[in-house]
Structures are given as structure tokens and as C-alpha cells.
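>>> based on what follows, work out the 3D shape:
(one chain, ligands or ions: 1)
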Amino acid sequence: MAYRKIHPASFHLSFVFAIVLSFYSPAYAQDSTAVEKHGQLRIQGNKMVDKNGIPVILRGMCLYWSQWKGQFYNSECVDWLINDWNCNIVRASMAVGSGGYLTNPSVEKAKVKAVVDACISLGIYVIIDWHDDKAQNYLSQSITFFEGMARDYGNVPNIIYEIYNEPTNVQWPTVKTYADSVITHIRAIDQNNLIVVGTPSWSQDVDVAANSPLSYTNIAYSLHFYAASHKQLYRNKATTALNKGIALFVTEFGTCESSGTGILDSTETTTWLNFLEQNKISWCNWSIADLTETSAALNPGASGTGGWANSVLKPSGLFIRQKIRIGNSSVATSVGSSTESPIKFGLNQNYPNPFNPTTMISFQLPMMSKVKLTVYDVLGREKATLVDEVESAGVHKVEWNASALSSGVYFYALQAGNSVDVKKLMVLK
Ligand code: CA
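Numbering: from 1, shown residues only. You can find the predicted model right below:
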């Protein structure tokens, strides 16, 4: 993709400084891990807050059913989800029925523990999900399992217990009775880590649960949606629940229809993610699996240990990876709060827009930074890299010729150190 740098020509930096920058300014450099930064999570009102009492949004991925896609339950996969996807949470979705824990308890538990151990060692949060839709039928097994998890991990802030994935064909009082029992056993060992409880109708009836919440502290309720099937009506249910004072956690959602297949509805997914941002609700996307179904992030045959090139990612994976990478970067906070520089980090709207075939993109940097300016399509696929180098402080302009791209909406993202900004543009031919 052709581009021409117009301004400035003035950057002089020593070779040594360039080397130092290359070490200290990777695109998603973190001063500390997510768990070092946020520590022990708790529920305050209808929000999840961190150790400093500040609402926190975690964004990450669900692993697929453990009995079917156990090849992703390992530290290399978790490492990749952290370092390439920028996930600060992973959900280990331990199958219960369908050949899962009820059939092979030690095998399935070992898969979960491999993921939990990796998340603890690498400093992110992890959801231990009892992935079942009839959990009240296996109460004693659930208690045994969660007591074991609480004994092994209740003393670290990383873990979140999810005791019932998606209650189906069951009323809230039944779910509540089950939850009450499991929570009592967890709390006898671990007094404070978050416990997430599923809600009736595949974890959609959060408004029903809000009418009669559990009486324990640090409880959140699952809200699940599949964006092409579940729209404003379900956001309204969430708003009702929040207004009644319970905290919600989107432990699972899909970009497509509720079957896991059908169209990838990026528009509705974006509307949902904006809603979650506004309400400070954390989320995990379904799922890390190498399947043909729309919700799967990876093409069939993808490695179980990460290292996925963009060509290995399916549209949903590309789209969500970009949402996680941008959402979990500390957007302009480190730079934006600085009062020492008269110039703030920023990416400006391109001009003209819409355009054909050339447009001008400008951005400003408060300090010399390693900069990457990338154009993506609406599915999150990289279409062009306009800048990828160290730039000086000040205003920069890039002229871009998009003649190779077809008409449509695209996103352009600027990464500089820990700061990221994204804007939309339109090619109109
Ligand atoms: Ca604890």
C-alpha cells in the first residue's frame, strides 16, 4: 500500500536510544501483569471493582468445551492469548456432561488446572466454569469439584468461580437453591473470590435473578448473548438487573447466532461491546476452537499451543482479537494524564472522508515513540500498515492511497507505546 510521509522529516535519534525504545515500547507493553495491577476483585454495588475500589473491565476468551478441545488447555495457549491477543482473562469451560467431568473427573480437572496454573503464573484472571445446563442434577459433584478448586486456589486473587454455565428449562428458585449450597461450601474455604452464578434461559434472565438475589458478598450473575440473535431486548433486561443492584459478568458471548453458526454480526456485537463498556461489565468471547462454526476463532487444524498467524484466525477471531487488543491496552491513560507535555496523544479524523482514492491521516505524539498505524476492515483483518517505526514528538501526517481497497468502512488504529486510538473511515468509489 503506497503512502507518503509529508511531515516531519525531523527525527534524529541515536542508535542506542532506538535500541532502548525497542525494548521499552512494544505495542502492548505492560508495567505489570493484570493481577498485579488490579489484585483482589470484589463486587461493590452493581460493579466489579479492583483492589483500589476502581471499576475494572476484563476482556478475554473462552476456551471451548474441555472434553472436545482439550488441546487448547495448556500454558503455551494461555501465553499466546496474553501476549498476542492481550487477554487479561481466560475462561476454562470444563464440560460436566457429554463425556466431561462426570465421566472422567481427573482428566477434565487436570485440563482446568493446567489453564489455572498458567493464568496464575502469567498474571491474568481465570474463570473456572462448570460448563453444564443441568447443574442442579449433579450438586454433590459440583461441591466436591469447587471445594477442591477453593482449597488449591482460594488464596490467590486470579480465580473466579462460575458454578453454573447456562441453566436451561429451569426456574430461578431451583438455580438459587443449587447456588446457595455450592456457595456455602466455597465460602467455607475461600471467603472472598468472585463467584458467578448462571441465570435461567441460557443465562439471559438476569432481570429475574435480580428480583431475588443471593445473600452472599462478591457474587455476580452471568449474562450470555449471541449478537445475531439477542439484541436490544436483552440489553434492556441487563439494564433492569443493574438498576436493581446486581453485578453482571458476560462470561460467554458469541458474535453470531445462538446456534454458534450463521452470520457474524459485527454491528450488533459492537453495539453490545459498547454497552458493556458503558456499564463496566467484563466479558469473554466464545471461543478458542478450531471449528468451521462462525463463533470459533480459529480455522480447523490450528495449533493447540498458540502462535496463530492472521491466516489461521477466522473472521470472528480477527474481529474479537482486535477488540481485546484495543480494549485492554491502557488507552492514553499514561500519556493523557501527563501535564508535562503540551501535546497529547491523539489520532485525528482523516480528511477528506469519505474519500477516493487518497486521504490524509494525522496524529500527534507527546514523546518520541515506536508507532504503528494500521488499517483494518470491519472483520478486523489488517489491510494496510501505514507507519511502523519510531517517530518524534509532534504532529505527523500521512497521505494514504486506498486504490487497492474496495468501497466500504474501515478502521484505522494508532498504537504508540501503551496508547491506542481507533477511528473509522470510508472508501467510496
Ligand atoms: Ca480468596
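>>> tell me the domain boundaries of the protein?
According to automatic domain parsing, the chain is divided into the following domains: 3-26+333-427, 34-327.
>>> straight-line length of the last one, end to end?
Right, the one you point to is domain 34-327. From the first residue to the last, domain 34-327 extends over 13 Å; the measure is Cα to Cα, to the nearest Å.
>>> and the longest helix seen in the chain, average pLDDT?
The residue-count maximum for a helix in the chain (DSSP state H) belongs to helix 105-122. When pLDDT is averaged over helix 105-122, the result is 98.
>>> can you list the residues that contact it?
With Cβ atoms under 8 Å, 6 or more residues apart in numbering as the test, helix 105-122 has contacts from 33, 63, 66-67, 70, 73-75, 78-79, 82, 90, 92, 94-95, 100-101, 125-126, 128, 141, 145, 148-149, 152-153, 156, 158-159. Where you see a C-beta, it was placed from the backbone N, CA and C, and this is true even at glycine.
>>> so G198 touches I219, yeah?
No: with contact taken as Cβ atoms under 8 Å, G198 and I219 are classed as non-touching, separated by 11.8 Å.
>>> show me what contacts K237?
So K237 contacts 204-207 (Cβ under 8 Å, 6+ apart).
>>> hmm, back to that, could you point out which element follows the longest helix of the chain?
Reading on from helix 105-122 to the C-terminus, the next helix or strand found by DSSP states H and E is strand 125-131.
>>> other SSEs contacting that following strand?
Contact analysis of strand 125-131 by 3 or more Cβ pairs under 8 Å, 6 or more residues apart in numbering; DSSP states H and E lists strand 89-95, helix 105-122, helix 139-153, strand 159-162 as its packing neighbours.
>>> tilt between it and helix 139-153?
In terms of direction (axes from the mean of the first three to the mean of the last three Cα atoms, to 10 degrees), strand 125-131 departs from helix 139-153 by 160 degrees.
>>> which outside residues touch strand 125-131?
Identification of contacts with strand 125-131 by Cβ under 8 Å, 6+ apart yields 34-35, 41, 58, 60, 62, 65-66, 88-96, 100, 112, 115-116, 119-120, 142, 145-146, 149, 153, 157-165, 196, 251, 284.
>>> may I see the buried residues of it?
Burial within strand 125-131, assessed by neighbour count using 16 or more other Cβ atoms under 10 Å, is assigned to 125-131.
>>> secondary structure class for the nearest residue to E108 once chain neighbours are set aside?
Computed as Cβ to Cβ, 6 or more residues apart in numbering, the closest residue to E108 that is not its neighbour in sequence is Y101, at 4.4 Å. Classification of Y101 by DSSP: H, G, I helix; E, B strand; the rest coil places it in coil.
>>> roughly how far does the residue nearest to V126 when sequence neighbours are not counted sit from I128?
In space, V126 comes closest to C119 once its chain neighbours are excluded; the distance is 3.7 Å by Cβ to Cβ, 6+ apart. Distance of C119 to I128, computed by Cβ to Cβ, to the nearest Å: 10 Å.
>>> likewise P315?
The separation that P315 has from I128, given Cβ to Cβ, amounts to 29 Å.
>>> and the closest residue in space to N353 that isn't next to it in sequence, what are its bridge partners?
Nearest residue to N353 in three dimensions, chain neighbours excluded: L425, at 5.3 Å (Cβ to Cβ, 6+ apart). For L425, the beta-bridge partners under DSSP bridges are Y410.
>>> count of neighbours near L425?
Here the neighbour count serves as a burial measure; for L425 (other Cβ atoms under 10 Å) it reads 21.
>>> pretty sure G97 is in a strand, no?
No: remark: G97 does not belong to a strand; assigned using three-state DSSP, it is coil.
>>> tally of neighbours for it?
The burial count assigned to G97 is 16, neighbours taken as other Cβ under 10 Å.
>>> just Y64 next, same as before
When neighbours are defined as other Cβ under 10 Å, Y64 has 25 of them.
>>> quick one on the thing from earlier: dump the buried residues of strand 125-131 to TSV, plus distance to the ion.
Written out in TSV, the entries for the buried residues of strand 125-131 read as follows (distance: Cβ to the ion, whole Å):
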residue	distance to the ion
Y125	13
V126	13
I127	15
I128	13
D129	18
W130	18
H131	22
